[in-house]
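Participant: sharing a sequence plus its predicted fold:
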Amino acid sequence: MNHYDNRYADPSSYRERRSDLIGPPPPVGPPAIGGYGRGGPVPYGGPPPAYGRGGGSAPPAGAGNFNGYPPFEPPVGRFDIGRGGGRTANGHVGVGDRRVGSVGRGGAGGRGFDLGRGGGRLGTSRDGGVRRDLDNIALPKQDFGNLVHFEKNFYVETPSVRAMSEHEAVAYRTRREIMVEGHDIPKPIRMFHEANFPDYCLEVIAKLGFVEPTAIQAQGWPMALKGRDLIGIAETGSGKTLAYLLPALVHVSAQPRLGHGEGPIVLVLAPTRELAVQIQEEAVKFASRANIRSTCIYGGAPKGPQIRDLKRGVEIVIATPGRLIDMLEAQHTNLRRVTYLVLDEADRMLDMGFEPQIRKIVAQIRPDRQTLYWSATWPREVETLARQFLRNAYKVIIGSPYLKANQSIAQVVEVVTEVEKYNRLIKLLKEAMDGSRILIFMETKKGCDQVTRQLRIDGWPALSIHGDKSQAERDWVLAEFKTGRSPIMTATDVAARGLDVKDIKCVINYDFPSSLEDYVHRIGRTGRAGAKGTAFTFLTHSNAKFARDLVKILQEAGQVVSPALSALARSAGSALGGSGGNFRTRGRGGGYGNRALISGSNVIPLGGRRPW
DNA sequence: AAAAAAT
């Protein structure tokens, strides 16, 4: 037990023991806010230094610069993706050399390293073949026969928590709408210091300006610190990331230090690259203070630096599944030291597209690990599947156990026809352009590109992010959006979950999403951390099957339901059928999207007038 | 019928 007690009494001791270790990369500084204003010209200093070729080149003459928004500057050079990786500017040569076919360890279990990707044996179509390959990669079987015990219970009640009566704990949970399940549930904490985090955590928390734990943190922290498995469900923007990251740091600090060739202790899995990067940025803020190293492993970026981080030894890995499996297959790392596993956006991670990959990864991790699932949405069907990977789990739900939207988002639903959408969008933009950001969701990548193109022709400073764009372009577009240099972003569901961008005052669902869970996540890009936001949603008759459940979500959040929406709801059945049947029922449409041009020429110069 | 996740 009191491992952790001792450590906490002297937080410097661990740092000293580890003084030989190299610290993590410095945290990424917050992007400068501003640069976009209603009246004035927008300062634009040329393409982003990270990607720019020449740097700071003046935008070409012509309409493109009229509003001060840059024409698209193709971010090439640094991420020379898809050409073998040997020619990157920073000279990571031969990343591909040591990949497939390396011999498995001679030890127990099959090795199954013979599934090269070079041959494309499962079909050469870009879309489809790739995923089947991924699913077919066999990782070496792990032998968990004689593992040594590891410590995972670090929860020590402070006197003030101990003094809380059972009755007070229940009252606190009622007041903050905390619903708990499981055996031996700890009392919630009311203040940050009651979680017994190391001082550096409290310092960073103070610096970030947080005053009180959110409900999910108040109950989730003591549960996670107890070392038990956990399902944590709380609305978008309510602080789930810190709810699992801070216990992760405590967990890491109490484990034996990494030996040569050992992989991470904490593994966090996320469904998109941008979300993984964002979690990593959050982790670094805290971990760097404890000399705990963390890194992000995700596709579309050069492997060299990622491999280097893994080889050097890193306590926390935040990853998207595909690249992690790739790294495991190539034995750049292993998961034999992982004792704290997090699935962020867990319902998404367990849906059809991801489940096989998750199974593969989880099979590499010792069964007595601590496993934590987090999401704002948790369809009933997922839980059965999820429980396969859990033991004696707690469950904590904030607010209603049903599908629920964040209450601080105003939701406006408009019943329209397909052809009316664009003009209606323009009207909304004219009202909404006030210096903050506007995020527009589309159903398809192609639709995304088409609307973005038209918006730019009409002079609207919009850029688009979706999965057919190069990672460099995705990074660049998101950065332009975050800084406000390009205040309108159109997106597919790649941007639906988890992304935390400041000052998104307005989300527009140009196309209705394919599930109500996605609806809740999409609109949750606004109204973060108690801020207000507005979500506009275009609903057509072809979306009628969602109307009834959408009405429920609106009512639950205290929103006005328009007569048009009620009428549509009455005219159609429920999308959820008996029991939420829209989960895991959809197959993948093959070969749909069109690959974005590497040159970025799908982003056209802005039209020559300022329409707002 | 879509998106995402390796090259």
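Facilitator: Yep, it's here. Small disclaimer: the values here were computed from a predicted structure and weren't measured.
Participant: quick one: contacts for the residue nearest to A:W221 when sequence neighbours are not counted?
Facilitator: Nearest in space to A:W221, with sequence neighbours left out and distances taken as Cβ to Cβ, 6 or more residues apart in numbering, is A:A195 at 4.5 Å. All C-beta spots, glycine's among them, are computed from the backbone N, C-alpha and C. Remark: with contacts taken as Cβ atoms under 8 Å, 6 or more residues apart in numbering, A:A195 is in contact with A:I189, A:P213, A:W221, A:P222, A:L225, A:L246.
Participant: distance of the last one from A:N196?
Facilitator: Meaning A:L246. A:L246 sits 10 Å away from A:N196, going by Cβ to Cβ, to the nearest Å.
Participant: one more: A:M433?
Facilitator: Look at A:M433 and A:N196: by Cβ to Cβ, they are 47 Å apart.
Participant: measure stretch A:312-322 end to end?
Facilitator: Using Cα to Cα, to the nearest Å, the gap from the first to the last residue of stretch A:312-322 comes to 21 Å.
Participant: buried set for that stretch?
Facilitator: Judged by neighbour count using 16 or more other Cβ atoms under 10 Å, the buried positions of stretch A:312-322 are A:G313, A:V314, A:E315, A:I316, A:V317, A:I318, A:A319, A:T320, A:P321, A:G322.
Participant: just the ones in strands from those, please.
Facilitator: For the buried residues of stretch A:312-322, membership in strands holds for A:I316, A:V317, A:I318, A:A319, with DSSP state E as the criterion.
Participant: which of those lies closest to A:K469?
Facilitator: Checking those against A:K469 with Cβ to Cβ, the nearest one is A:A319 at 20.6 Å.
Participant: helices of the stretch 301-450 of chain A, start to end?
Facilitator: Assignment of helices within the stretch 301-450 of chain A using DSSP state H, counting those that start in this stretch yields the ranges A:303-312, A:321-329, A:346-349, A:355-362, A:380-387, A:421-432, A:445-457.
Participant: columns distance to A:V520 and mean pLDDT on top of those, output as JSON lines?
Facilitator: Converted to JSON lines, the helices of the stretch 301-450 of chain A look like this (distance: least, Cβ to Cβ, whole Å; pLDDT from 0 to 100):
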{"stretch": "helix A:303-312", "distance to A:V520": "32", "mean pLDDT": "95"}
{"stretch": "helix A:321-329", "distance to A:V520": "23", "mean pLDDT": "95"}
{"stretch": "helix A:346-349", "distance to A:V520": "11", "mean pLDDT": "96"}
{"stretch": "helix A:355-362", "distance to A:V520": "21", "mean pLDDT": "94"}
{"stretch": "helix A:380-387", "distance to A:V520": "14", "mean pLDDT": "92"}
{"stretch": "helix A:421-432", "distance to A:V520": "21", "mean pLDDT": "94"}
{"stretch": "helix A:445-457", "distance to A:V520": "21", "mean pLDDT": "93"}
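Participant: now, of those, which is deepest in the fold?
Facilitator: For those, the largest average neighbour count (mean count of other Cβ atoms under 10 Å) is found in helix A:346-349, namely a mean of 25.
Participant: so what's the gap between it and the chain middle?
Facilitator: 11 Å (Cα atoms, centre = their mean, to the nearest Å).
Participant: could you report the pLDDT at A:F583?
Facilitator: As summarised for this prediction, A:F583 has a pLDDT of 38.
Participant: enumerate every residue touching the residue nearest to A:Y373 when sequence neighbours are not counted.
Facilitator: Among residues not flanking A:Y373 along the chain, A:A346 sits closest, at 3.6 Å (Cβ to Cβ, 6+ apart). Contact criterion Cβ under 8 Å, 6+ apart gives A:I231, A:Y373, A:W374, A:S375, A:W378, A:V382, A:A386 as the residues in contact with A:A346.
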